[in-house]
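Student: Got a predicted model here, sequence first, then my questions.
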Amino acid sequence: MERLYEQKRQETRFFSSGGDDLKNLHERCSAGIGALVLRLEKEYSKYLSTTWKTQALKRVISAFDEKEFQLNLLGLEDQNEDNIRTAAVAEVERRLGCTMDHGPWIDELYSNFFDTFLEEKVVEKLGSVEGLGITMEVEPYELKGFLADMQTQILAIVDDALASYKSYWMDSLEEALTAETKVVVTNAGTSTINIVTSFWSRTLELFARPIARRKVYTEVKKAPPFHLAVYPTFVEGILAKQRQLFEDAHAAISEKIYGVIEAIDKGMPYLEVHYQGGGCFEVSAFHRILLSKVVEIFAIHTPTPTAIRAQHDGVPIGVENNDVAAERRELQNDLVKVKQAQDGMCAAFGVTEEEIAALRAELDIGD
């Protein structure tokens, strides 16, 4: 430190003893260490303004926009419970009523129940029941056992179908209503993304085609996606009503079908027994009539797509998931900090709001 002071004193003596010109140059900081310091400060400031400032501000703007994007992805934040519930119901309709190649998803699930579930669980298996659909000759002492065995086989098939009846519907509905909405990068090279909700081998996309990430920032800010998982009470309330709907249907179907099967040995319209003489009975079980009746019972008592979709009626929205609420607060705090950093840089370099907008536009173009 003492050497620096000595240097300063020597410099002062030098310029003071060199006449008025040198003295004036020194006093105006046009020569000497002071002039060097000023020049270094000016050049450093110029470097910061022309090179570092722009890149640093772009990084800060990008950080702010990404944080804001993550916040918007958490979904609608509204103090009005009716507004939240309206958005929640719209999301339920979007999922259950989403249009696929063959119409709304819930209609496809409904058709698949009859085309696949009943076909595999009931129709195909009933064809394997001994004596069903053909005429058989039965000895008198075998008749009672033959009919009882036929009933047992049919009951076993129906019991197996009914055992998985509720799970067929509720597994699919639960998957649809609890599916997460996520950001999917479709092309890492071009940074194109989409926001998707996937369930039952189906994918609902928020945008018709993948778009640039920063474009997504803007779209999501205007219309945040709604996450049903954020309101678990609402989702569970809907699922509980749907479970009850199918439990009631299961009970009604069981009662009706068991009644049909138990009536088989009472004759028409499902069975004809004729004595052929010579101690022999001819038994004809009408497979097609029985099958039609079983399918008819399922069709009458299985809830319609409209009824399934309407189970959100009267279900309260409930409160936001605690983890999501905490994440929302953390992101909001992060945004305040990033904005403070941006404002500090703008004040230090005299950057205007127009310049910030221009930098953000450059980032959008670059994306």
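Tutor: Thanks, I have the structure now. Predicted model only: the values in this text are computed from it and were never measured.
Student: only C-alpha atoms for contact and neighbour calcs from this point on.
Tutor: Will do.
Student: which residues in the stretch 151-300 of the chain form strands?
Tutor: Counting by DSSP state E, counting those that start in this stretch, the stretch 151-300 of the chain has strands at residues 181-187, 192-199, 202-205, 211-212, 271-277, 280-285.
Student: which strands and helices sit next to the third one?
Tutor: With contacts defined as 3 or more Cα pairs under 8 Å, 6 or more residues apart in numbering; DSSP states H and E, strand 202-205 has these neighbours: strand 192-199.
Student: Touching the strand it packs on from outside, list them.
Tutor: 175-176, 179-187, 203-207, 209-213, 216 (Cα atoms under 8 Å, 6 or more residues apart in numbering).
Student: one more time with 7 Å, if that's ok
Tutor: 175-176, 179-186, 203-207, 210-213 (Cα atoms under 7 Å, 6 or more residues apart in numbering).
Student: And stretch 60-75, by the same measure?
Tutor: 217, 220-221, 224-227, 328, 331, 335, 338, 342, 360.
Student: Flag every buried residue along that stretch.
Tutor: 60-61, 63-75 (16 or more other Cα atoms under 10 Å).
Student: next one: that stretch to chain centre, how far?
Tutor: Distance, stretch centre to chain centre, for stretch 60-75: 19 Å (Cα atoms, centre = their mean, to the nearest Å).
Student: Over to stretch 192-208?
Tutor: Relative to the chain's own centre, stretch 192-208 is displaced by 8 Å; criterion: Cα atoms, centre = their mean.
Student: Now that stretch - C-alpha only, CSV.
Tutor: Extracted in CSV, the C-alpha atoms of stretch 192-208 (Å, rounded to 0.1, in the frame of the first residue of the first chain):
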residue,chain,number,x,y,z
THR,A,192,-40.5,-28.5,-30.8
ILE,A,193,-42.8,-29.7,-28.0
ASN,A,194,-46.4,-30.5,-27.3
ILE,A,195,-48.4,-30.9,-24.1
VAL,A,196,-50.1,-34.3,-24.0
THR,A,197,-52.3,-36.4,-21.8
SER,A,198,-52.0,-40.2,-22.5
PHE,A,199,-54.3,-43.0,-21.4
TRP,A,200,-55.8,-46.2,-22.8
SER,A,201,-53.3,-46.2,-25.6
ARG,A,202,-54.7,-42.8,-26.6
THR,A,203,-52.9,-39.4,-26.6
LEU,A,204,-54.7,-36.1,-26.3
GLU,A,205,-52.5,-33.2,-27.6
LEU,A,206,-53.0,-29.6,-26.5
PHE,A,207,-51.8,-28.4,-29.9
ALA,A,208,-52.7,-29.8,-33.3
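Student: So which bits of it are buried?
Tutor: For stretch 192-208, a neighbour-count test (16+ other Cα under 10 Å) marks Thr192, Ile193, Asn194, Ile195, Val196, Thr197, Ser198, Phe199, Leu204, Glu205, Leu206 as buried.
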